[in-house]
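Asks: Structure for this input, please:
(2 chains)
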Amino acid sequence: MTEAFIYDAVRTPRGKGRASGALHEVTPMRLATTVLEAVRDRNELDTSLVDDVVLGCVMPVGEQGADIARVAVIQSGYAETTAGVQINRFCASGLEACNMAAAQVMSGQSQMAIGGGVESMSRVPMGSDGGAWSTDPAVALPTYFVPQGISADLIATKYGFSRDDVDAYAVESQKRAKRSWDEGRFKKSIVPVKDINGLTVLDRDEHMRPDTTMQTLAALEPSFATLGEQFGFDSVATQRYPEVERIEHVHHAGNSSGIVDGAAAVLIGNAEAGKKAGLKPRARIRAFASVGSEPTIMLTGPSFAAEKALKIAGMTPSDIDLWELNEAFASVVLRFMQALNIPHDKINVNGGAIALGHPLGATGAMILGTMVDELERSGKSTALVTLCVGAGMGTATIIERV
Amino acid sequence: MIDYSVDSTGVASIVWNMAERPMNVMNGESLAAFSDAVYKAINDKGVKGVIVTSAKNDFVAGADLVNLLKESADAAKALANSFKLQKLFRDIEKAGKPFVAAINGTALGGGYEICLACHRRIAADNPKALIGLPEATIGLLPGAGGTQRLPRMIGVSKALPMLLEGKKVDPKTALGLGMVDEVVPAADLLARAKDWILGDGQSSHVKPWDQKGFRVPEAANTPRGAQVFTAGNAMLRAKTYGNYPNAQYIMSCVYEGTLVDIDTGLKIESRYFVACTQSKEARNMIRSLFFSIGEANKLANRPKGVPTQSYTKIGILGAGMMGAGIAWAASSAGLQVVLLDTTQEAAEKGKAYSAGLLDKRIKAKKATEADKEKQLGLIKATTSYEDLKGCELVIEAVFEDRAIKADVTRKAEAQLEPTAIFASNTSTLPITGLAEASARPANFIGLHFFSPVDKMPLVEIIRGKQTSDETLARAMDFVKKIRKTPIVVNDSRGFYTSRVFATYVTEGLTMLAEGVNPAIIENAGKAAGMPVGPLALADEVSLELMHRVRAQTKKDLGDAYKSDGSEPVLQLMVEKLGRIGKKAGKGFYDYPADGKKRLWKGLAEHFPVKPETEQPALADVIKRLIYIQSVETARCIEEKVVLDVRDADVGSIMGWGFPPFRGGTISNIDTVGVKPFVAECDQLAQKFGARFTPPKLLRDMADQGKSFYTV
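Replies: Numbering: from 1, shown residues only, chains lettered A, B, ... in the order given. This next block holds a predicted model:
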């Protein structure tokens, strides 16, 4: 099989996903073209070498609708021959887009492809695309639908993580994110978002709260208690997990991923195409996998996806130097560490979505880029990137520094 | 059956008038006649509008269920019938002339769906009339447009509770909900209907959903609708545990049907309706909740040839919780009640219970001060046995102690006419033994009420060895008089209800001792459809009481007593740990003053929980909790403790909340199938003990391919 290499990875900073956020004035189209243009310009890339652009987007409606990837390709002035496709694997869309781009390369059907993602959560809010799972009784009842927050609290309850455990994790995420910015660890990938005059709109992740402490978090009310207790979702969860007497609601805005706007792109190609473009490969894609897992607890997929990818790569957990798991909710990471016996100092070393935010369609590509940068910075060799996914899935990718 | 006439102004009247029945009901015959009249009116160019009404006290009470079950045996035929009915109602809607429902009285189910098809609904101001779509309560759904027209008319969030809970409301409430358009004095009903037809009706006989641009308020493709359905689905599962397919079908009819036009919506509704009629849950609920309870209320098992006893005055011995409750029930039915206790204070306290309930009813505007005064006037609180003179019936509800019971029996009987009945409200002591204190054991009977008496509709009537047919018949007359539902059982330890109910709790305790995770036991109880888990129920009953009853049984039975897995659990909890139940604030659960109950953290220390990999599957725990009740009931049938299987089913549902969708403990065996039930019980017996061994009765039935019911 042909090898797929990562030649570059870029991302926008993440703006707070609300009206007061810096990127709220920027269209998602502009976020997408910002990263596509950056990949082209900083690599002096002949875009006719790029066969396809795969972009994750989780709310592909309204201004994010109608195949935003293809329109962003046109809008960025790429070669007309470059195709574009938008995909949706919920929170792992950005990573899945990279995996699909890599798959095209590995199968020999594309020479070079871009994977990435875009999400303006402030402009196209979550839930905009409807969907049957929660609303259609013929689906919701037999499959025990609960919202993700309830699933996260179920994980904490079932696997024994207390409010203190999840809060302590969140405090550490903020601390690590601050250190990363202070030390310039994200510098290589960040592409500032600029206005029509070329003036900077945002050049730094703005969701972080580096002054977070256990005390500040203790003041926050659990976010999903009302939903669970008054709208029946706790009962749905314990009906599916009868070994749990009652759901403990431990998650809140401070230990869950932030709602933000942003985009990312990763340039992937085979060795020959890289040579043709005059680029040096930065990492090799060793293996990737997606997997379905039990949908009510929903967010335990990453450990299964990681195991599946490791098996494909012929590796064991001890072969991985750095782990990156999207911080959708603190309990998701704590359960992953528990399941695969991973020490905290090897996972999410630069902080994660609790501090930085989680622009749904883009995050996977963002954290893949973060790992490429971190392997180079630390001189380490292998990393496994993974995300939990709605409706019970996990997606994982293993890379190796070249 | 259906009277049709046209007056000089061109207003036609279609009048439901089923002479041979107490109420108008929809069946093949009446619908055919109604259909003829409807099309006659539609096709007659001289008819300017149509009043649909009834010549009886009620409008139309709903579908004829006997008829419905028979005709829905074949799904394809049932669907064709349903489409035909939908077309009739749709043709009313699109008639091009106004139809008005003049709702003179109760309009339920299909009866109200006729009204929904009409262009206007005018109800008589009759506070006793009930309006609603109660199909959900018997496992069905409104299949003649109810799930489509009601949400289109009043919005999804207002329609769903009416459809899912099957609420029946009076005309004023219906007006507030938008279910009727006007409420007028009964005398003006027809005139008002006619006025509307000849006035506004001439220009407003097109339904909103037949007009361009109509959108269903709160359909699922609106943001508000998405929220309503997302939360609604979860709340429905929280409540039903997925045990009632018709409830989900109702949600689905509304969800799917309001995303499309009405004609497509009606097709969707018909398909789900037919699915309901094919379900075992609907058959179980219709059989037990409708027919069997109906038969019990009609005293189907009353011994023949005994003249009906009318009651004017009864006595109650013991004014505690049960005595006070019975006093309430009897005085509510207009009977004089002598409420006797050892002190005047205790007797007055019992009477005050009725005063309290009446105050609540006054607050809820269901009674007046005059009603209160009148009813309390019927209750005489006393300490004097002489006041019992003239009572036709005396019920003792004193402490469960043979000596005390014997004493009050003698004292009361001394004051009574020889024909009077003496009843014991005992829930545990065999009646035949108690009757030994009586001078006329033929007139001695058990009347086992359930707590709280004002809410629980069941009375278990226990025949002692010497109780006469006449006494039984007259006791049944009393139960009917106070508007409760009687079941008749023969004397035996625990009678029927207490005996079988106990198996549920015992099985739960046994599992705890086996190392089953208590959360699984409790969740399985609720998922099985029981109102609460067995451990919570044990706490509510009181572990101490259960322990005491067991000690009494042990003493009574001597060597014949058989211990079971729950005995050491009770012993430990009560004797060693002092965790005696909810009243004490500690049992299997803790009951924090400020919060919800929680399983006691120390439980695992005394009842070690097996590792997760060795825990039973939920379905297996459910099976144990349900089958043990059914197999014990089958024993009761075999031992002739219960004589009529319908009584067994009714008693299990109304007495201790056995899940209605299973139709009762006996219907449950039929639902599983007698043969597979026997096979599964044999397996359970092998694994968990002889208490699951099926009685010979069941084996014989399995061998002969028999079932308890034919429908």
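
Asks: Distance check, the residue of the stretch 301-450 of chain B found nearest chain A against A:H249.
Replies: Scanning the stretch 301-450 of chain B for the residue nearest chain A gives B:A364, at 24.7 Å (criterion: Cβ to the nearest Cβ). For every residue, glycine as well, the C-beta is placed using N, CA and C. If you measure B:A364 against A:H249 using Cβ to Cβ, to the nearest Å, the figure is 35 Å.

Asks: Ok, A:L36 next?
Replies: For A:L36, the distance to A:H249 under the criterion Cβ to Cβ works out to 41 Å.

Asks: same question, B:A397
Replies: In this structure, B:A397 and A:H249 are 45 Å apart, going by Cβ to Cβ.

Asks: same thing with B:F495?
Replies: Taking Cβ to Cβ as the criterion, B:F495 is separated from A:H249 by 45 Å.

Asks: May I ask which helix or strand of chain B has the lowest mean pLDDT?
Replies: Least confident element among the helices and strands of chain B, by mean pLDDT, DSSP states H and E: helix B:65-71 (a mean of 84).

Asks: quick one on the thing from earlier: what phi and what psi does the backbone show at the residue of the stretch 301-450 of chain B closest to chain A?
Replies: Dihedral angles phi and psi of B:A364 (degrees, to the nearest 10) take the values phi -80, psi 10.

Asks: Next, count neighbours for it.
Replies: Here the neighbour count serves as a burial measure; for B:A364 (other Cβ atoms under 10 Å in any protein chain shown) it reads 8.

Asks: ditto for the one 10 residues further on
Replies: Other residues near B:K374 come to 14 when the count uses other Cβ under 10 Å.

Asks: before we move on, what about A:R209?
Replies: Burial measure for A:R209: 17 neighbouring residues, criterion other Cβ under 10 Å.

Asks: circling back: using PDB, list the CA coordinates for the next helix or strand after the least confident helix or strand of chain B.
Replies: Later in the chain than helix B:65-71, the nearest helix or strand by DSSP states H and E is helix B:75-93. In PDB, the C-alpha atoms belonging to helix B:75-93 read as follows (Å, rounded to 0.1, in the frame of the first residue of the first chain):
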ATOM      1  CA  ALA B  75     -54.400  -7.000  10.000                       C
ATOM      2  CA  ALA B  76     -55.100  -6.400   6.300                       C
ATOM      3  CA  LYS B  77     -58.800  -6.400   6.900                       C
ATOM      4  CA  ALA B  78     -58.400  -4.200   9.900                       C
ATOM      5  CA  LEU B  79     -56.400  -1.700   7.900                       C
ATOM      6  CA  ALA B  80     -59.000  -1.700   5.100                       C
ATOM      7  CA  ASN B  81     -61.800  -1.000   7.800                       C
ATOM      8  CA  SER B  82     -59.700   1.700   9.300                       C
ATOM      9  CA  PHE B  83     -59.100   3.400   5.900                       C
ATOM     10  CA  LYS B  84     -62.900   3.300   5.300                       C
ATOM     11  CA  LEU B  85     -63.600   5.000   8.600                       C
ATOM     12  CA  GLN B  86     -61.000   7.600   8.000                       C
ATOM     13  CA  LYS B  87     -62.500   8.300   4.600                       C
ATOM     14  CA  LEU B  88     -66.000   8.800   6.100                       C
ATOM     15  CA  PHE B  89     -64.700  11.300   8.600                       C
ATOM     16  CA  ARG B  90     -62.600  13.000   5.900                       C
ATOM     17  CA  ASP B  91     -65.700  13.200   3.700                       C
ATOM     18  CA  ILE B  92     -67.500  15.000   6.500                       C
ATOM     19  CA  GLU B  93     -64.600  17.400   6.800                       C
END
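
Asks: Any buried residues in helix B:75-93, and which?
Replies: Counting neighbours by 16 or more other Cβ atoms under 10 Å in any protein chain shown, one finds that the buried residues in helix B:75-93 are B:78-79, B:81-83, B:85-86, B:88-90, B:92-93.

Asks: got a list of what A:G394 touches?
Replies: With contact set as Cβ atoms under 8 Å, 6 or more residues apart in numbering or on different chains, A:G394 has these partners: A:92, A:290-291, A:293, A:300-306, A:386-388.

Asks: which of those lies closest to chain B?
Replies: The shortest approach to chain B among the contacts of A:G394 belongs to A:T300, at 14.7 Å (Cβ to the nearest Cβ).

Asks: Just give the closest residue to that closest one, not the sequence neighbours.
Replies: Leaving out its chain neighbours, the residue that sits closest to A:T300 by Cβ to Cβ, 6 or more residues apart in numbering or on different chains is A:S293, at 5.5 Å.

Asks: how close does the one you found get to A:G228?
Replies: Here A:S293 is placed at a distance of 21 Å from A:G228 (Cβ to Cβ).

Asks: and what of A:G301?
Replies: Taking Cβ to Cβ, one finds A:G301 at 21 Å from A:G228.

Asks: Show me which of those two is the more surrounded one.
Replies: A:G301 (30 against 27).

Asks: how about that one, what does it touch?
Replies: Residues near A:G301 by Cβ under 8 Å, 6+ apart: A:291-293, A:388-389, A:392-395.

Asks: try 10 Å this time
Replies: The neighbours of A:G301, taking Cβ atoms under 10 Å, 6 or more residues apart in numbering or on different chains as the test, are A:92, A:290-295, A:308, A:332, A:336, A:386-396.

Asks: Which of those residues fall within strands?
Replies: Residues of the contacts of A:G301 located in strands (DSSP state E): A:290-292, A:386-389, A:393-396.

Asks: burial count for A:R42?
Replies: Summarising burial for A:R42: neighbours were counted as other Cβ under 10 Å, giving 12.

Asks: check which helix or strand covers it.
Replies: Here A:R42 is covered by helix A:28-43, with elements defined by DSSP H and E.

Asks: if we can go back for a sec, looking at A:L36 and A:H249, which is more packed in?
Replies: A:L36 (30 against 24).

Asks: Kindly tell me how buried residue 18 is, as a neighbour count.
Replies: Because you didn't say which chain, this covers chain A. Other residues close to A:R18 by other Cβ under 10 Å number 13.

Asks: if you could check chain B rather than the one you did, that'd help
Replies: Other residues within reach of B:M18 by the criterion other Cβ under 10 Å amount to 22.

Asks: sorry, back to before: select only the buried ones of the ones in strands among the contacts of A:G301 in ChimeraX?
Replies: Command for ChimeraX that selects the buried part of the ones in strands among the contacts of A:G301, burial taken from 16+ other Cβ under 10 Å:
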select /A:290,291,386,387,388,389,393,394,395,396
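
Asks: name the element the closest residue in space to A:F329 that isn't next to it in sequence belongs to?
Replies: Taking Cβ to Cβ, 6+ apart as the measure, A:F329 lies nearest to A:A152, with 3.6 Å between them; neighbours along the chain are not counted. Under the criterion of DSSP H and E, A:A152 resides in helix A:148-159.

Asks: Quick check: mean pLDDT of stretch A:34-42?
Replies: pLDDT averaged over stretch A:34-42 equals 98, rounded to a whole number.
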